[in-house]
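Engineer: Everything below, folded, please.
(4 chains)
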2 protein chains.
Amino acid sequence: MVSETEKKIFEAARSVFMQKGIDGARMQEIADAAGINKAMLHYYFRTKEKLFVAIVAEAFADFFPNMIDIALLDLPIRDKIGAFIDRYLDMVGKNPFLPHFMIHALYRNPELAGEVVANMGHFPKQIIGLIANEMEKGTIPKSSPQHFVLNLVSMLIFPIVGRPIVQLIYFDNDVELYNGILKERKEEILKTILKEQ
Amino acid sequence: MVSETEKKIFEAARSVFMQKGIDGARMQEIADAAGINKAMLHYYFRTKEKLFVAIVAEAFADFFPNMIDIALLDLPIRDKIGAFIDRYLDMVGKNPFLPHFMIHALYRNPELAGEVVANMGHFPKQIIGLIANEMEKGTIPKSSPQHFVLNLVSMLIFPIVGRPIVQLIYFDNDVELYNGILKERKEEILKTILKEQ
DNA sequence: GTCTATATGGCGATAGAC
DNA sequence: GTCTATCGCCATATAGAC
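Structural biologist: Here you go, the predicted structure:
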């Protein structure tokens, strides 16, 4: 049983930690966002770090199941990869801070690897196996399944996490222009990894 | 004229800020790493923020000239892109924290965009122009030069900045295995963006 | 469970002797 | 220029009334 107060704290903490990380976040800011006082944060979560770990664990626990069930869809591989891209961009639309948060959290807190692994199930093996299978069938270009997946997620995620710098350097910090580029990414990624001319 | 002490402070600050960011860094830690006391940091740089901005500006000011002169080499485009990849991986070898630092610094401090732009010269336009030119010549597959460059830097940089999470999820946190993967990236990236089967 | 008030320590920054 | 000592503040965390 989870109280209303605990839920409000959790939502506020998610918002603040996602945007500022554990170092940049302030317990007072989380309390304000939750509409309660600082003492309640410690009553429910004891320490700032425990609260942060809970948010990280939730983020990863939500992420993998949300991505993996696409592998189960009965679709041609091109559509399946397209759905994978759509799903990711949809998650990012709902929470623009998620990609940077996941990367930065594990970058600065590698000791949280255990929390992450506990929540990812068979996600990686399923994805790699799926790709290897399609390569055998000849429906996608034969190469290393690991590199294929790495290429896919790189071209999908980097334009998001690197947005502030890429948008600035290559697109004069033009937000609308960059939004347009992002809309074109799906087709561009598919054409590139499937090596369509 | 820059004193020895100032140099030592700068090197220590670079090391600490690169690894921990401005929020995670402590002036005391920088002073210890420099082998001097906290008061000297403020004597030379007045505030933590000014010191941080100086480090960010230096990082970007070093980066672009180091990457752009490859465009001037008289090489076939495949070799030129290969040299671009080599140069980047070489920089990362010397400073593994650089990619994440550059992205995170601008992510959390977008107001530093001005510092960055001031130091990047004509880097972006030169790169895009070079690619557009090669597409006209037909030496690389015709598409959008912007997406081509975005694909290239994505496949190059994401496996570095996302290393903690990618290595964990797809490679069981096996450091040696992941080092091997990174060594294969150059050929893999070239084959993918040039759409070689 | 929820609040106010406070303990406790660490932070960036400065004063001032040398 | 370099140091020690310290200021003033703000952070996390707790005590204790209700």
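Engineer: Just checking, which helix or strand of chain A averages the lowest pLDDT?
Structural biologist: Lowest by mean pLDDT, DSSP states H and E among the helices and strands of chain A is helix A:113-120, with a mean of 88.
Engineer: what about the next helix or strand after it, distance to the chain center?
Structural biologist: Using DSSP states H and E, the helix or strand that follows helix A:113-120 in sequence is helix A:123-137. Chain-centre distance of helix A:123-137: 21 Å, with C-alpha atoms, centre = their mean, to the nearest Å.
Engineer: So helix A:123-137, near chain B or not?
Structural biologist: Yes: using C-beta under 8 Å from any C-beta of the partner chain, we find that helix A:123-137 touches chain B at A:123-124, A:128. For every residue, glycine as well, the C-beta is placed using N, CA and C.
Engineer: Please type out the ChimeraX selection for whichever of those residues turn out to be buried.
Structural biologist: Remark: buried members of those, expressed as a ChimeraX selection using 16 or more other C-beta atoms under 10 Å in any protein chain shown:
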select /A:123,124,128
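Engineer: Pick out whichever of the residues of helix A:123-137 next to chain B sits closest to DNA strand C.
Structural biologist: residue A:123 (34.1 Å; C-beta to the nearest atom of the strand).
Engineer: the helices in chain A, which residues?
Structural biologist: A:4-24, A:27-34, A:38-45, A:48-68, A:77-94, A:98-108, A:113-120, A:123-137, A:145-161, A:163-171, A:175-193 (DSSP state H).
Engineer: other SSEs contacting the second one?
Structural biologist: This points to helix A:27-34. Counting contacts by 3 or more C-beta pairs under 8 Å, 6 or more residues apart in numbering or on different chains; DSSP states H and E, helix A:27-34 packs against helix A:4-24, helix A:38-45.
Engineer: Any idea which of those helices gets closest to chain B?
Structural biologist: Nearest to chain B among the helices and strands packed on helix A:27-34 is helix A:4-24 (3.6 Å), distances taken as C-beta to the nearest C-beta.
Engineer: What would that closest one look like as PDB? C-alpha coordinates only.
Structural biologist: This file holds the C-alpha atoms of helix A:4-24, laid out as PDB (Å, rounded to 0.1, in the frame of the first residue of the first chain):
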ATOM      1  CA  GLU A   4      -0.900   9.600  -1.700                       C
ATOM      2  CA  THR A   5       1.900  11.600  -0.100                       C
ATOM      3  CA  GLU A   6       4.500   9.000  -1.100                       C
ATOM      4  CA  LYS A   7       3.200   9.100  -4.600                       C
ATOM      5  CA  LYS A   8       3.400  12.900  -4.700                       C
ATOM      6  CA  ILE A   9       7.000  12.800  -3.400                       C
ATOM      7  CA  PHE A  10       7.900  10.200  -6.000                       C
ATOM      8  CA  GLU A  11       6.600  12.200  -8.900                       C
ATOM      9  CA  ALA A  12       8.300  15.400  -7.700                       C
ATOM     10  CA  ALA A  13      11.500  13.600  -7.100                       C
ATOM     11  CA  ARG A  14      11.300  12.000 -10.600                       C
ATOM     12  CA  SER A  15      10.900  15.400 -12.200                       C
ATOM     13  CA  VAL A  16      13.700  17.100 -10.300                       C
ATOM     14  CA  PHE A  17      16.200  14.300 -10.500                       C
ATOM     15  CA  MET A  18      15.600  13.800 -14.200                       C
ATOM     16  CA  GLN A  19      16.400  17.400 -14.900                       C
ATOM     17  CA  LYS A  20      19.200  18.000 -12.500                       C
ATOM     18  CA  GLY A  21      20.700  14.700 -11.500                       C
ATOM     19  CA  ILE A  22      21.500  13.800  -7.900                       C
ATOM     20  CA  ASP A  23      24.200  16.400  -7.500                       C
ATOM     21  CA  GLY A  24      22.100  19.300  -8.900                       C
END
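Engineer: what does it contact?
Structural biologist: A:25-26, A:29-31, A:33-36, A:40-41, A:44-45, A:48-49, A:51-52, A:54-55, A:58-59, A:95, A:97-98, A:101, A:104-105, A:108-109, B:20-21, B:23-24, B:108 (C-beta atoms under 8 Å, 6 or more residues apart in numbering or on different chains).
Engineer: mind redoing it with 6 Å?
Structural biologist: Helix A:4-24 is contacted from outside by A:25, A:29-30, A:33-34, A:44, A:51-52, A:55, A:97, A:101, A:104, B:23-24, using C-beta atoms under 6 Å, 6 or more residues apart in numbering or on different chains.
Engineer: Stretch A:87-107 too?
Structural biologist: A:18-19, A:21, A:56, A:70, A:156-157, A:160-161, B:100, B:107, B:162, B:164-165.
Engineer: one more time with 8 Å, if that's ok
Structural biologist: A:17-19, A:21-22, A:56, A:59-60, A:63, A:66-67, A:70, A:112-113, A:116, A:156-157, A:160-161, A:182, A:185-186, B:100, B:103-104, B:107, B:161-162, B:164-165, B:168.
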